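Student: no sequence for this one, just the structure:
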Ligand SMILES: O=C(O)[C@@H](O)C(=O)CO
Ligand SMILES: [Mg+2]
C-alpha cells in the first residue's frame, strides 16, 4: 500500500491545530502535511512534530503577503497564491522565502506554491511566461535549501478562476521552466473533477518521476476515500504497481469524526 500522511488542515479539525499532531500519531500516522503553519512560530510546530515522532512531508507557501496577522484574512478574501499574478512578483518571492524559513526548521522537503486567481478580463494563457519565470526563481532558491517546489492543478468548482487546473498544463509549466526540483502535486480529487480517467493519468504521469506528492479524497464530497465515485483500492494498487514511492496525503474533510472515519485505512499504514 502507499504511505499515507494526515492532512492536519482538513483532518482532526475538532481539535486546535497544535493538538492535531498528537491525534494523528495516536492513529498511527508517521507523517503529516498541512496548508499553512504561519499562525505559529516554526519552533512551536517543530516541537509538535518531534514530540509525536512525525515527519512533515508538505506544506504551502503563503497564499498572499507574509504579514502573519493578515494571512488568514487574505485567504478568506480569496488570496490563492501569486505565482501567475502580474505585479505580485515581490510578494511571491517574499512568500517563498518565508516558506523556506519554515521548511528548514520543520525539516520539510516539499513546498506547494499556489499560482493565483486569474484576474477578470485576463486570458490564462497570457500569464504562463510570468508563472514560469517565478517558478524557475522559486525552484532555484529551494534547491539551495534542498527542497522541491510543487504546483497543483485544482478544480474550478472549489476555486473559481484558479490559474492551474489540468495535469497537462502543470507538466507544460515544468517543461518550460526546466528546473529539476520543480514538481507536480497530483491531487486525485481535483483530477477526477476536472479530467476524470484518473488511473490513466497515473499511468501517464507517475513514471515521469515529476509527481512528488499525491493527495486523495472521495469525489464529489471531499470526504473519506471510501465514499464517492472513485475506486480507491484500485487506484492504490495502481500507484503501487507504478512504483510510486512518495507520500499520499489524506486531504479530506472527515464526514463524521477523523479517527472514526479511518476504517478505509485499517491495516494500510506503513
Ligand atoms: O487541494 C487543495 O485544496 C490543497 O492541496 C491546496 O493546497 C489548496 O490550497
Ligand atoms: Mg490538494
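Tutor: Structure's in. What do you need? Keep in mind the model is a prediction, meaning the values are calculated, not measured. Numbering: from 1, shown residues only. Ligands and ions are numbered 1, 2, ... in the order given.

Student: near ligand 2 at all, the helix or strand that residue 191 is a member of?
Tutor: Using DSSP states H and E, residue 191 maps to helix 188-194. No: if you take CB under 5 Å from the ion as the test, helix 188-194 misses ligand 2, and the best it gets is 6.4 Å. For glycine as for every other residue, the C-beta is placed from the backbone atoms N, C-alpha and C.

Student: what sits up against the very next helix or strand once past that helix?
Tutor: Next along the chain after helix 188-194, taking DSSP H and E as the criterion, comes helix 198-205. Helix 198-205 has contacts (CB atoms under 8 Å, 6 or more residues apart in numbering) with 167, 171, 184, 186, 188, 191-192, 195, 211, 230, 234-235, 238-239, 242.

Student: please, a PyMOL command that selects the buried ones among those?
Tutor: The buried residues among these can be selected in PyMOL (16 or more other CB atoms under 10 Å) with this line:
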select buried, resi 167+171+184+186+188+191+192+195+211+230+235+238+239
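
Student: which residues in this protein form helices?
Tutor: Assigned by DSSP state H, the helices in the chain fall at 20-26, 42-51, 68-76, 89-106, 128-144, 167-177, 188-194, 198-205, 232-241.

Student: deepest of the ones you listed, which one?
Tutor: helix 188-194 (a mean of 22; mean count of other CB atoms under 10 Å).

Student: middle-most residue in the protein, spatially?
Tutor: With distances taken as CA atoms, centre = their mean, residue 112 lies nearest the centre of the chain, 5.4 Å away.

Student: so who does the residue lying closest to residue 44 once chain neighbours are set aside touch?
Tutor: Spatial nearest neighbour of residue 44, excluding adjacent residues (CB to CB, 6 or more residues apart in numbering): residue 18 at 6.8 Å. Contact analysis of residue 18 by CB under 8 Å, 6+ apart lists 40, 44, 45, 48.
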